[in-house]
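Novice: Here is a sequence with its predicted model. Questions after.
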Amino acid sequence: LRVAVLASGRGSNLRALHQASLEGDARFAVSLVIGNNSGAGALAYAREVGIPAVHMSGRTHPDPDELDEAMRAALVAHGTGLVVTAGYMKKLGPSTRGEFDSRIINVHPALLPRHGGKGMYGTAVHEAVLAAGDQVSGATVHFVTEEYDAGAIIARSEVPVLADDTVESLAERVLAAEHLLLPTVVQIIATRDAAPAEL
Ligand code: GRF
């Protein structure tokens, strides 16, 4: 399965996914990285390990429809079978969503449906978890739809929230869960794709 990763920042989930793809039993490869921020760590990592890396944003394509179409075309040109948004801070356009309908997944740093939606990213998510007094948090992988964090949930991985947690300590624990969950889900999707139809 050829996987394209869309990322805006650091790219630690990209790294986890790429490293998992190098394991002997992996049924997927990361074949394209698209970043909407030319300085993204994700793009730098992709270049370092030799994955095609493309910067596409309102700077490269001021017209949103053209950006959407360029993204769709790049994904198709690389033979993409699954799109993973990992810390990608923009909504996808209708033509990209239409092309890859139900083949776009996102990783979110909380247990959806709690603590999702517009504005719920980065430290805000963990602040909300701590403020709510939740005793568990975790990572969610879900399908991407038009609305933020609202698509069907594929899998979740829980971590405890400890009494003395700070946003930083909780974020770190959740991120470690994301790094295990995301490659696992992608491997399951890839395995299912490869399975005989009667399964
Ligand atoms: C992750 O916590 C992801 O769930 C969230 O943004 C963060 C991205 O981290 N949407 P990275 O760029 O993969 O390191």
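Specialist: Sure, I can see it. Predicted model, so just to flag it, every value in this text is computed and none were measured.

Novice: Assign a three-state SS to the residue in the chain that the ligand sits nearest to, would you?
Specialist: Going by Cβ to the nearest ligand atom, the ligand is nearest to residue 87 of the chain, at 2.5 Å. Just so you know, the C-beta spots here come from the backbone N, C-alpha and C atoms, and that holds for glycine as well. At residue 87, secondary structure determined by DSSP: H, G, I helix; E, B strand; the rest coil is coil.

Novice: Start at 25, not 1
Specialist: That works, and once the first residue is 25, the last one we named lands at residue 111.

Novice: correct me, but it touches residue 39?
Specialist: No. Using Cβ atoms under 8 Å, residue 111 is not in contact with residue 39; the gap is 11.3 Å.

Novice: Looking only at neighbour counts, state which of those two leads.
Specialist: residue 111 (25 against 20; other Cβ atoms under 10 Å).

Novice: if we can go back for a sec, for the residue of the chain closest to the ligand, phi and psi?
Specialist: When read as degrees, to the nearest 10, the backbone of residue 111 gives phi 70, psi 40.

Novice: In contact with it: list those residues for me.
Specialist: With contacts defined as Cβ atoms under 8 Å, 6 or more residues apart in numbering, the neighbours of residue 111 are 31-35, 37, 66, 131.

Novice: now residue 165
Specialist: Contacts of residue 165 by Cβ under 8 Å, 6+ apart are 129-132, 177-180, 205-206, 209.

Novice: What segments of this protein are helices?
Specialist: In the chain, the helices defined using DSSP state H lie at 36-45, 65-73, 88-101, 118-123, 147-156, 191-218.

Novice: Not counting its neighbours along the chain, what's nearest residue 127?
Specialist: Once flanking residues are discounted, residue 127 sits nearest to residue 106: 5.3 Å by Cβ to Cβ, 6 or more residues apart in numbering.

Novice: And that neighbour, how close does it get to residue 83?
Specialist: Separation of residue 106 from residue 83 (Cβ to Cβ, to the nearest Å) stands at 27 Å.

Novice: Identify the residue nearest the spatially most central residue of the chain in space, chain neighbours excluded?
Specialist: By Cα atoms, centre = their mean, the mean C-alpha position of the chain lies nearest to residue 110, the distance being 2.5 Å. Of all residues not flanking residue 110 in the chain, residue 37 sits nearest, at 3.7 Å (Cβ to Cβ, 6+ apart).

Novice: and stretch 103-117, which residues are buried?
Specialist: Buried residues in stretch 103-117, defined by neighbour count with 16 or more other Cβ atoms under 10 Å: 104-112, 114-117.

Novice: Let me have those residues in JSON lines, adding pLDDT and distance to residue 184 as columns.
Specialist: Below are the buried residues of stretch 103-117 laid out as JSON lines (pLDDT from 0 to 100; distance: Cβ to Cβ, whole Å):
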{"residue": "104", "pLDDT": "98", "distance to residue 184": "36"}
{"residue": "105", "pLDDT": "97", "distance to residue 184": "35"}
{"residue": "106", "pLDDT": "98", "distance to residue 184": "31"}
{"residue": "107", "pLDDT": "98", "distance to residue 184": "31"}
{"residue": "108", "pLDDT": "98", "distance to residue 184": "26"}
{"residue": "109", "pLDDT": "97", "distance to residue 184": "27"}
{"residue": "110", "pLDDT": "96", "distance to residue 184": "24"}
{"residue": "111", "pLDDT": "92", "distance to residue 184": "23"}
{"residue": "112", "pLDDT": "94", "distance to residue 184": "28"}
{"residue": "114", "pLDDT": "91", "distance to residue 184": "32"}
{"residue": "115", "pLDDT": "91", "distance to residue 184": "32"}
{"residue": "116", "pLDDT": "96", "distance to residue 184": "33"}
{"residue": "117", "pLDDT": "96", "distance to residue 184": "38"}
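
Novice: Good, wrapping up.
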